[in-house]
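In: Just the structure for this:
(one chain, ligands or ions: 1)
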Amino acid sequence: MSLQRYRELLEELEQKHRLTKQEYEELLMCRFSTVEPGTQQKMDQELFEKARRTQQQVFGKKIYIRGLIEFTNYCRNNCYYCGIRRDNQKVERYRLTEEQIFNCCVEGYALGYRTFVLQGGEDAYFTDQRICAIVNRIKSKFPDCAVTLSIGERSRESYELFLRAGTDRYLLRHETADEMHYSQLHPAELSLKRRKQCLKDLKELGYQVGAGFMVGTPGQTFKHLAEDLEFLQELQPHMIGIGPFISHKDTPFAREPNGSVEETLFLLGVLRLSFPKAMLPATTALGTLAGDGRERGILAGANVIMPNLSPIAVREQYSLYDNKICTGEESAQCFQCIRNRVESIGYEIVVERGDYPG
Ligand code: SAH
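Out: Numbers count the residues shown, from 1 in each chain. Predicted structure coming up:
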């Protein structure tokens with residue numbers, strides 16, 4: 001009975017690329033209230049097959065890579081889930097110099113990266129002027145590359161300046177689209193309204209925009225996830241980053257259970273069917289909870305990987321969650337490792353910017 005309904009919903013999603021909030025919730029319930037392992041497997045297989053078909057119609061077997069440069073772990077925010085939150089006194093703080101950031105790009109370019117993602121905590125040291133200077137320098141030296149910023153909430157004016165300096169894309173996960181749930185994950189000074197306003201501003205200004213959420217955060221329900229999917233339908237972002245929540249020992253959520261790999265993979269499949277052209281990364285968090293998590297992410301519909309390009313010396317300190325992988329390897333090793341993984345499942349890494357198609 002629930003398998004039959006599940007199939008109907010999948011069919012509809014594949015045809016229309018959207019479900020209502022109620023239907024998304026029902027789809028999740030069908031899958032995750034099923035206790036029969038054989039049926040669960042069948043359900044996943046059917047979803048992933050459809051997701052791969054959609055993915056390959058748009059992208060073939062191409063996997064895009066983004067070089068991730070974690071350039072500061074100073075943060076003025078105090079998100080309950082995040083290891084680099086303001087109140088964590090145990091993390092050793094660092095910020096890279098412009099020179100160091102630039103050198104990561106030089107190294108990355110030689111390896112074949114054509115997108116650089118500058119990610120960090122919300123660090124007041126990096127004023128608009130400093131960010132623009134860095135972006136400018138990267139874009140002048142590598143005009144064939146895209147630069148993505150992921151530095152949190154700023155004013156519309158700041159976003160406009162970054163854009164004029166040459167920034168192409170902006171990643172700002174909405175984290176959860178439910179007001180109540182948002183306030184369970186963040187202190188009162190942070191608001192979902194503001195987060196959504198930033199995403200709207202970014203989209204209007206003309207960025208390729210990435211939103212997204214964590215899977216399995218404390219208090220998350222299928223209703224919340226259905227709201228996330230509905231919000232994404234409204235926003236129509238170019239990129240959607242999702243990964244399992246992983247607890248960090250020095251945060252208020254230290255004792256909360258991690259999100260599930262299965263649920264994350266399932267949602268990747270649903271996202272691919274909902275947003276055929278979206279750039280969907282198989283995230284490091286997914287690779288942290290399962291050795292083959294990123295490969296399975298690709299096989300569930302993801303088409304992007306973001307290997308680490310940060311200097312080895314600081315990688316441990318960019319500790320959003322516990323046991324993060326890829327902290328001990330040189331960028332060239334990380335790149336090779338990823339290439340082997342991608343090729344082992346019959347896909348190929350390409351030397352391209354990988355912009356949103358069409
Ligand atoms: N300051 C930037 C970058 C945040 S780090 C911003 O606000 O956008 C990038 C993402 O890591 C976050 O958006 C969040 O979804 C994820 N993240 C943070 N802590 C995490 C945890 N404990 N487990 C899994 N993902 C986490």
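In: and the stretch 51-200 of the chain, which of its residues are near the ligand?
Out: Proximity of the stretch 51-200 of the chain to the ligand (Cβ under 6 Å from any ligand atom) is limited to residues 81-82, 119, 121-122, 150-152, 172-173, 175. To be clear about C-beta, it is placed using only N, CA and C from the backbone, and glycine gets the same treatment.
In: Now, those that are in strands?
Out: Per DSSP state E, strands hold the following members of these: 119, 150.
In: you'd agree residue 213 is in a strand?
Out: Yes: counting by DSSP: H, G, I helix; E, B strand; the rest coil, residue 213 is found in a strand.
In: quick one on the thing from earlier: can you put the residues of the stretch 51-200 of the chain next to the ligand in CSV and add pLDDT, neighbour count and distance to residue 259?
Out: As requested, these are exported to CSV (pLDDT from 0 to 100; neighbours: other Cβ atoms under 10 Å; distance: Cβ to Cβ, whole Å):
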residue, pLDDT, neighbour count, distance to residue 259
81, 99, 21, 10
82, 99, 20, 14
119, 99, 19, 20
121, 98, 24, 22
122, 99, 16, 24
150, 99, 19, 20
151, 99, 20, 24
152, 99, 18, 22
172, 99, 25, 20
173, 99, 19, 14
175, 98, 22, 13
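In: out of the residues of the stretch 51-200 of the chain next to the ligand, what pair is the most spread apart?
Out: 81 and 151 (18.0 Å; Cβ to Cβ).
In: Disregarding flanking residues, what is the spatial nearest neighbour of the spatially most central residue of the chain?
Out: In the chain, the residue lying closest to the centroid (Cα atoms, centre = their mean) is residue 241, at 2.5 Å. Among residues not flanking residue 241 along the chain, residue 212 sits closest, at 3.6 Å (Cβ to Cβ, 6 or more residues apart in numbering).
In: pretty sure that neighbour contacts residue 173?
Out: Yes: the pair residue 212 / residue 173 is scored as a contact, 4.0 Å apart, by Cβ atoms under 8 Å.
In: so what sits against both of the two?
Out: Shared contacts of residue 212 and residue 173 (Cβ atoms under 8 Å, 6 or more residues apart in numbering): residue 241.
In: picking that back up, so the residue nearest to the centre of the chain sits in a strand?
Out: Yes: judged by three-state DSSP, residue 241 forms part of a strand.
In: got a list of what it touches?
Out: Going by Cβ under 8 Å, 6+ apart, residue 241 touches 171, 173, 210-212, 280-281, 283.
In: Which single one of those residues is nearest to the ligand?
Out: residue 173 (3.8 Å; Cβ to the nearest ligand atom).
In: Tell me which residues touch that closest one, please.
Out: 210-214, 241.
In: who wins for most neighbours among those?
Out: Highest neighbour count within the contacts of residue 173: residue 211, with 28 neighbours (other Cβ atoms under 10 Å).
In: tally of neighbours for the nearest residue to residue 323 once chain neighbours are set aside?
Out: Spatial nearest neighbour of residue 323, chain neighbours left out: residue 288 (5.9 Å); criterion: Cβ to Cβ, 6+ apart. Burial measure for residue 288: 22 neighbouring residues, criterion other Cβ under 10 Å.
In: thinking residue 182 is in contact with residue 175, fair?
Out: Yes: counting by Cβ under 8 Å, residue 175 is a contact partner of residue 182 at 6.8 Å.
In: Show me whatever sits in contact with both of those two.
Out: Common neighbours of residue 182 and residue 175, using Cβ under 8 Å, 6+ apart, are residue 195.
In: Perfect, that will be all.
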